[in-house]
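Novice: could you work out the structure for the sequence below:
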Amino acid sequence: MKPSPVIEELRKLVDTKEEVKIVVNLQKWSLSETTEHSGEWNGKNFTMTAYCDWKRASLESGMSLEDLLESIDECEGLIGNMSSGNFYDLMCHEMSDGDISFGDVNWDEAPTEEELEELELDEYDLYWDSEIDECEYSFEAGSVWSITVKVGNEEFEIEDNE
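Specialist: Residues are numbered from 1 along each chain as shown. Alright, predicted model coming up:
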């Protein structure tokens, strides 16, 4: 396979002193996010897990340009072969239209049935009124449709169809 001209251009910039920003752009509904939450409700501490599948998402990676290019090489030069395991330091860049579900809510001291009924508590209330303690993003091979790499003031778009 002939090397991508964009990737060849990026190889020349591996030793740059410029700031590098890497954004992974994903196919619709391909990103799953798992978050661990903790909070307090009515004087009682709780933890919970939330799961969200995002319709639209892009993630920023804190990896170096050199590591990105090595990961692409390990995937036969095709970004479509890459999964979340090929990236590190993933952070939310943009997300919209998520479908959320919840795992168990664990209480230090469980609320009484009267408290739950009186205050009409549901998992969404706990979710929005809690802090995120941990967050993990996952996506499978076939999910990446492009990677945007900004080096200083220059921007490059890596796609498999070049």
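Novice: so what touches the biggest helix by length in the chain?
Specialist: Assignment by DSSP state H gives helix 65-74 as the longest helix of the chain. Residues outside helix 65-74 that contact it (CB atoms under 8 Å, 6 or more residues apart in numbering): 7, 10-11, 13-14, 16, 20, 22, 61, 63, 78-79, 82, 86-88, 147, 149, 151, 158. (Glycine included, C-beta is placed from N, CA and C.)
Novice: swap in 10 Å and give it another go.
Specialist: Contacts to helix 65-74, defined as CB atoms under 10 Å, 6 or more residues apart in numbering, come from residues 3-4, 7-8, 10-11, 13-16, 18, 20-22, 24, 61, 63-64, 77-79, 81-82, 85-89, 147, 149, 151, 156, 158.
Novice: next secondary structure after it?
Specialist: Heading C-terminal from helix 65-74, the first helix or strand you meet, by DSSP states H and E, is strand 90-107.
Novice: please tell me how far the residue of the chain positioned farthest from its centre sits from residue 39.
Specialist: Distance from the centre of the chain peaks at residue 114, with 38.5 Å (CA atoms, centre = their mean). Using CB to CB, to the nearest Å, residue 114 is found at 21 Å from residue 39.
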